[in-house]
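K.L.:
Any chance you can model this:
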Amino acid sequence: MRPARAALIVAATALTPALLLATPAFATAAAAAPASAPVTQATAGDDKPVDEMSEDDLRVAVLRILGGKNVGVGVTREANAALNGTPDDLRAFLKTGYRLAQAEDDRVAIGRILAKPNISKALRKAAEKALADGTPEALRHFLEVGQYEAGGK
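P.N.:
A predicted model of the protein is given here:
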């Protein structure tokens with residue numbers, strides 16, 4: 001492992017508790033959702049756009065995503081691929097790859113809901129509607145809001 005990468009992992013590990021403890025109280029209600037909300041374009045802590053971030057900043061941003069709660073298989077796979085790639089791979093992951101990988105994980109989460117034998121007709125209909133729409137936003141909305149509006153758990 002390269003020394004810079006090891007230093008980034010140590011830094012991200014050290015910062016994770018501070019970031020988690022600094023979360024606003026209303027965020028605990030969102031924690032009930034099966035996966036973290038997608039970020040269409042991540043930024044460094046200083047709100048620097050992805051295109052202006054250094055390689056170290058890009059790696060830290062990806063590591064922050066990996067350190068989040070309920071990170072799915074798709075996000076983990078794509079984030080690790082980006083970390084093993086070039087700075088352009090990191091930028092591509094932060095700009096669009098994360099959103100698409102999160103949508104993949106969201107489809108799996110909705111499939112798990114549909115696999116439950118005793119879900120209500122309203123919940124089944126809402127889940128199928130989100131899957132039929134297929135956009136990352138529709139999938140995320142169902143998991144964060146729609147399933148609860150339809151009476152799901």
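K.L.:
in which helix or strand would I find residue 48?
P.N.:
Secondary-structure assignment from DSSP states H and E places residue 48 in no helical or strand segment.
K.L.:
Just say helix, strand or coil for the closest residue to it other than its chain neighbours.
P.N.:
In space, and not counting its chain neighbours, residue 48 is closest to residue 57: 6.7 Å by CB to CB, 6 or more residues apart in numbering. Backbone N, C-alpha and C define where each C-beta goes, glycine included. Following DSSP: H, G, I helix; E, B strand; the rest coil, residue 57 is assigned to helix.
K.L.:
What of residue 62?
P.N.:
helix.
K.L.:
Once you drop chain neighbours, what's closest to it?
P.N.:
Using CB to CB, 6+ apart, the closest residue to residue 62 is residue 79 (5.2 Å).
K.L.:
show me where this structure has helices.
P.N.:
3-21, 27-30, 55-66, 73-83, 87-92, 98-115, 121-133, 136-141, 147-149 (DSSP state H).
K.L.:
Can you flag the weakest of those by average pLDDT?
P.N.:
In terms of average pLDDT, helix 27-30 trails the rest of the helices of the chain, at a mean of 35.
K.L.:
you'd agree the residue nearest to residue 48 is up against residue 49?
P.N.:
No. Under the criterion of CB atoms under 8 Å, residue 57 makes no contact with residue 49, lying 10.5 Å away.
K.L.:
In terms of neighbours, single out the busier of the two.
P.N.:
residue 57 (21 against 12; other CB atoms under 10 Å).
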